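K.L.:
Coordinates only, no sequence provided:
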């Protein structure tokens, strides 16, 4: 099961080279992740911090292109989980990314274990990567 | 040899959580890389595309913090090279990143080999990583 | 006649106060203006510079709100024209703005007169303000 | 008395035209205003909302230009005050702006009167505009 986020590219996403700026991709992935968490994983939306991002760029994306991001859960561990994404420009894969998320106790100010309830919410979104 | 970029954090770099937004870090690293390329590696400033970023987040960074980014060349290969960075909040390491850059022939529209002259420019900045 | 632009608010449009950042509104208006110019006023899309913006803020806008921007041409003069906008959060007027645009000769590097053909393209969008 | 804010232009402030994006100027003015309020007018830094901006663009600003923003208080009224700014590129005036600020009772959720203490803090910065 993948979460699909349709991501309108803004004119202001372009940099001086006339393509969507490579750093801005991370903002687009953020929007996809927020949509996934807020919509379907509400208990996670606040108590998570970002530990790592990886992004691969395969093709430039231009203003006006119909972009969608598909995301899923790649790995679930007791103390972290990984969101994976693919960004498509129409039907062409233009970028891939991965975000390592750490459950965080905002009151105590330190990492915490993923609860069973949270793992249960994540599970349907796992196992959707390409082989 | 490391390139040091002093990076004033803007109020607008914060997101709703009151820290510098994690996606925005990539823009800060971009500023450091641009400063390094434009100042010291001018032949590279245009004919390079970004192939990959990796970013690790160790500590939150706040508006008003004195941030500096140190960068160097981690690897030089015939068809790509890697920029590594460390972001310090005062004297504390707050984030690490790595960018894979691909020399690109803008006229032909395809990757190209790193020239000897370019490799020569990169060499003084290589070999500066921690063991 | 008004040009309607549906403007998805991004999570990253929020600032530390949890509302869409006031400076970011200008980017949203920019997206509306670009959509209007690129779609319906193609001859204007390049040869125009921005001379002035005015923005009034009536209500905060939040992430998730259904935002649309209606724009029209408020005034046409030989050497400039004014785009007016209203930004609605659902059915509530949340902001108003106005942009003074100056036709510009990009080759000569100086302001130029609006051509008759351009004035003709703008005319259907004029006269749409509220009394 | 004017408040001077040295404003490093980022590479990412440029848009596809290769100059600092016109909407981004509002973020630069925001940084100047925040610096002025946080540094010298601390009681105002939270309980104020933005009611209006006006920006005039006189010349393009480029990446690498030494930009500074001078700001002062143009008008003090019982229920609002106006910040005025001039943005200089080296010694050349490149833009002017004005922001109408409304003291706001964050608890009650409505505009409030400017306190005598606040007016006193603002007064030294007023009366600095050009005739």
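P.N.:
Perfect, I can see it now. The model shown is predicted, which means the values in this text are computed figures rather than measured ones.

K.L.:
Need the pLDDT of residue A:116.
P.N.:
Note for residue A:116: predicted pLDDT of 87.

K.L.:
Am I right that residue A:88 is in contact with residue A:94?
P.N.:
Yes. Counting by C-beta atoms under 8 Å, residue A:88 touches residue A:94, with 6.5 Å between them. In this view, the C-beta of every residue, glycine as well, is placed from N, C-alpha and C.

K.L.:
So which residues of chain A form strands?
P.N.:
Here chain A has its strands, by DSSP state E, at A:3-6, A:48-57, A:67-77, A:80-89, A:92-105, A:110-111.

K.L.:
Among the ones you listed, which comes closest to residue D:76?
P.N.:
strand A:48-57 (42.8 Å; C-beta to C-beta).

K.L.:
what about the closest one, near chain B?
P.N.:
Yes. Strand A:48-57 lies within reach of chain B by C-beta under 8 Å from any C-beta of the partner chain, at A:49, A:50, A:51, A:52, A:53, A:54, A:55, A:56, A:57.

K.L.:
Same question for stretch A:91-100.
P.N.:
No. Counting by C-beta under 8 Å from any C-beta, chain B is not contacted by stretch A:91-100; separation bottoms out at 8.8 Å.

K.L.:
How many residues are close by residue A:47?
P.N.:
15 (other C-beta atoms under 10 Å in any protein chain shown).

K.L.:
give the contact list for it.
P.N.:
A:103, A:104, A:105, A:106, A:112 (C-beta atoms under 8 Å, 6 or more residues apart in numbering or on different chains).

K.L.:
residue contacts, the residue nearest to the third one when sequence neighbours are not counted?
P.N.:
Right, the one you point to is residue A:105. The shortest distance from residue A:105 to any non-neighbouring residue, by C-beta to C-beta, 6 or more residues apart in numbering or on different chains, is to residue A:112 (4.2 Å). The contact partners of residue A:112, taken as C-beta under 8 Å, 6+ apart, are A:47, A:103, A:104, A:105.

K.L.:
Can you report phi and psi for residue A:112?
P.N.:
Backbone geometry at residue A:112, expressed as degrees, to the nearest 10, gives phi -140, psi 170.

K.L.:
partners of residue A:110 in the sheet?
P.N.:
residue A:105 (DSSP bridges).

K.L.:
likewise residue A:67?
P.N.:
Assigned bridge partners for residue A:67, using DSSP bridges, are residue A:89.

K.L.:
same question, residue A:95
P.N.:
residue A:57, residue A:87.

K.L.:
picking that back up, residue C:3: which of the residues of strand A:48-57 next to chain B is nearest?
P.N.:
Of all the residues of strand A:48-57 next to chain B, residue C:3 sits closest to residue A:57, with 33.7 Å by C-beta to C-beta.

K.L.:
you'd agree the closest one is up against residue B:26?
P.N.:
No. Contact criterion C-beta under 8 Å: residue A:57 and residue B:26 do not qualify, at 12.0 Å.

K.L.:
of these two, who's got more company?
P.N.:
Between residue A:57 and residue B:26, residue B:26 has the larger neighbour count (other C-beta under 10 Å), namely 23 against 20.

K.L.:
so how far is chain D from that one?
P.N.:
Counting by C-beta to the nearest C-beta, to the nearest Å, the gap from residue B:26 to chain D is 10 Å.

K.L.:
Tell me who's in contact with the nearest residue to that residue once chain neighbours are set aside.
P.N.:
In space, and not counting its chain neighbours, residue B:26 is closest to residue A:23: 4.0 Å by C-beta to C-beta, 6+ apart. Residue A:23 makes contact with B:23, B:26, B:27, B:29, B:30, D:12 under the criterion C-beta under 8 Å, 6+ apart.

K.L.:
Chain B contacts on chain A?
P.N.:
Counting by C-beta under 8 Å from any C-beta, chain A sits next to chain B at A:22-23, A:26-27, A:29-30, A:49-57.

K.L.:
Apply 7 Å and report the result again.
P.N.:
By the rule C-beta under 7 Å from any C-beta of the partner chain, the part of chain A lying against chain B is A:22-23, A:26-27, A:30, A:50-57.

K.L.:
Could you point out which of the residues you listed is nearest to chain C?
P.N.:
residue A:27 (5.1 Å; C-beta to the nearest C-beta).

K.L.:
surely that closest one meets residue C:11?
P.N.:
No. Residue A:27 is beyond contact range of residue C:11, at 8.9 Å (criterion: C-beta atoms under 7 Å).

K.L.:
Pick out whichever of the two has more residues nearby.
P.N.:
With neighbours defined as other C-beta under 10 Å, residue A:27 and residue C:11 compare such that residue A:27 has more, 22 against 18.

K.L.:
Would you mind measuring from the closest residue to that one other than its chain neighbours to chain D?
P.N.:
In this structure, residue A:27 finds its nearest non-sequential neighbour in residue B:23, 4.7 Å apart by C-beta to C-beta, 6+ apart. As for residue B:23, its distance to chain D is 12 Å (criterion: C-beta to the nearest C-beta).

K.L.:
Pull up the per-residue confidence for residue B:23.
P.N.:
98.

K.L.:
Please apply the same query to residue A:60.
P.N.:
pLDDT, residue A:60: 95.

K.L.:
so it sits right up against residue A:21, yeah?
P.N.:
No. Checked against C-beta under 7 Å, the pair residue A:60 and residue A:21 is beyond contact range at 10.3 Å.

K.L.:
if you count what's nearby, which of those two comes out ahead?
P.N.:
Legend: neighbour count by other C-beta under 10 Å for residue A:60 and residue A:21, higher for residue A:21 (21 against 15).

K.L.:
doesn't residue A:15 make contact with the more buried one?
P.N.:
Yes. Between residue A:21 and residue A:15 there is a contact under C-beta under 7 Å: 3.8 Å.

K.L.:
Quickly list what's touching both of these two.
P.N.:
residue D:12 (C-beta atoms under 7 Å, 6 or more residues apart in numbering or on different chains).

K.L.:
re the thing from before, let's have the residues of strand A:48-57 next to chain B in TSV, adding pLDDT.
P.N.:
TSV is the format used below for the residues of strand A:48-57 next to chain B (pLDDT from 0 to 100):
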residue	pLDDT
A:49	93
A:50	96
A:51	97
A:52	98
A:53	98
A:54	98
A:55	98
A:56	98
A:57	98
